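**Q** Starting from these lines, generate the structure:
(one chain, ligands or ions: 2)
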Amino acid sequence: MTRVFVLTNHKGGVGKSTSATNIALGITGVLRRAGASNSRVLLIDTDSQGHATLVTTGRNDFGTDDSLYTVLAADRQNAAQTLANCIIQSTWDADLHVLPASPMLEGAERELMRVAGAPYRLADPLSRIAGHYAAVVIDTRPSFSLMTEMGLIAATDAIVPVEPRYLETVGLMSVIGKINDIREGWRHPHLRISGILVTKMDKRVRGHNHLLDELKAHSVLGKLLIGVIPANEAVSYAHHNHLSVFNYDPKAPASRAYAQLVGTLVRRISKGGA
Ligand SMILES: Nc1ncnc2c1ncn2[C@@H]1O[C@H](COP(=O)(O)OP(=O)(O)OP(=O)(O)O)[C@@H](O)[C@H]1O
Ligand SMILES: [Mg+2]
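**A** Ligands and ions are numbered 1, 2, ... in the order given. Here you go, the predicted model:
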């Protein structure tokens, strides 16, 4: 079964899109260097803001005919084919494919509220084409919205990026509660919390170190810590230039930290374990 990673946190600006895009590209690179028979990765952008789409494709003008919106509006029989038709190659790498978001997704949530089977409108077609990919990575919007629920239902592994601040770690428990609700309430046993990813960590800030120590010592959350990404201006410069941080500066602290995280995820993909 293809692993489907979803980056989720209802808090805005915590590094979901940065992490989704760089993880997706990173997995492609690691698998290709390892000589894997399939190193294609699919990035799905469920956020109407389309940040992940913009940086990985250079465009944010997708709409009725060529985006996730098109897939959600399709009949069930045609949805998988529609999804395949809407996927495009990223400008970052030929093996990184993107299902683009559209500003129309904002209205789609309201439209879909009344439609039968709405929460499965991504999971269902994705399950029919996911086998073509070594991994799938889903970026979500900063809310507990229907679109985010669709992303979680389509996923096998949730990664929760969080900034090392007090309120964010308190909010963490509600994200984890939501993921557990999807697993149990929606009978979606394949969804697991794959890890908590601390982002924008500044070791010079005492409060950040304190929060990281607290997180590590926490009986539940400590076991879930999967990586720590330093605050690094290379990330902003990379975004600005529509580049991955790996391509902008492979030696930057954030690139090294994302490379380490990707190594961990690829080992999980290969072993098929948690
Ligand atoms: N490690 C980092 N160091 C410095 N800046 C970062 C880092 N990670 C992300 N940023 C910056 O923080 C901002 C938010 O990042 P990003 O867009 O990835 O967050 P997000 O959770 O996807 O936001 P939203 O909730 O709006 O979708 C961006 O300007 C990005 O450049
Ligand atoms: Mg985002």
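
**Q** measure residue 139 to residue 116 for me?
**A** When distance is defined by Cβ to Cβ, to the nearest Å, residue 139 is 26 Å away from residue 116. Yep, even glycine has a C-beta here, placed from its N, CA and C like the rest.

**Q** my bad, should have said residue 70
**A** From residue 70 over to residue 116 (counting by Cβ to Cβ), the distance is 19 Å.

**Q** what about those two, which has more around it?
**A** Each of residue 70 and residue 116 had its neighbours counted (other Cβ atoms under 10 Å), and the higher figure belongs to residue 70 (21 against 8).

**Q** List the contacts of the more buried one.
**A** By Cβ atoms under 8 Å, 6 or more residues apart in numbering, the contact set of residue 70 is 64, 82, 86.

**Q** next helix or strand past the helix or strand hosting it?
**A** Secondary-structure assignment from DSSP states H and E places residue 70 in helix 68-73. Stepping forward along the backbone from helix 68-73, the first helix or strand reached (DSSP H and E) is helix 76-86.

**Q** ok so, going back, in JSON lines: the contacts of residue 70, plus neighbour count and pLDDT.
**A** Supplementary listing: these in JSON lines, determined by neighbours: other Cβ atoms under 10 Å; pLDDT from 0 to 100:
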{"residue": "64", "neighbour count": "10", "pLDDT": "94"}
{"residue": "82", "neighbour count": "18", "pLDDT": "98"}
{"residue": "86", "neighbour count": "20", "pLDDT": "98"}
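
**Q** what's the closest of these to residue 17?
**A** Checking those against residue 17 with Cβ to Cβ, the nearest one is residue 86 at 19.1 Å.

**Q** The closest one contacts residue 73, doesn't it?
**A** No. Shown here, residue 86 and residue 73 do not form a contact pair, counting by Cβ atoms under 8 Å, at 11.0 Å.

**Q** Quickly list what's touching both of these two.
**A** When contacts are counted by Cβ under 8 Å, 6+ apart, the set common to residue 86 and residue 73 is empty.

**Q** Kindly report the residues of the stretch 1-150 of the chain close to ligand 1.
**A** 12-18, 47, 49, 51, 142 (Cβ under 6 Å from any ligand atom).
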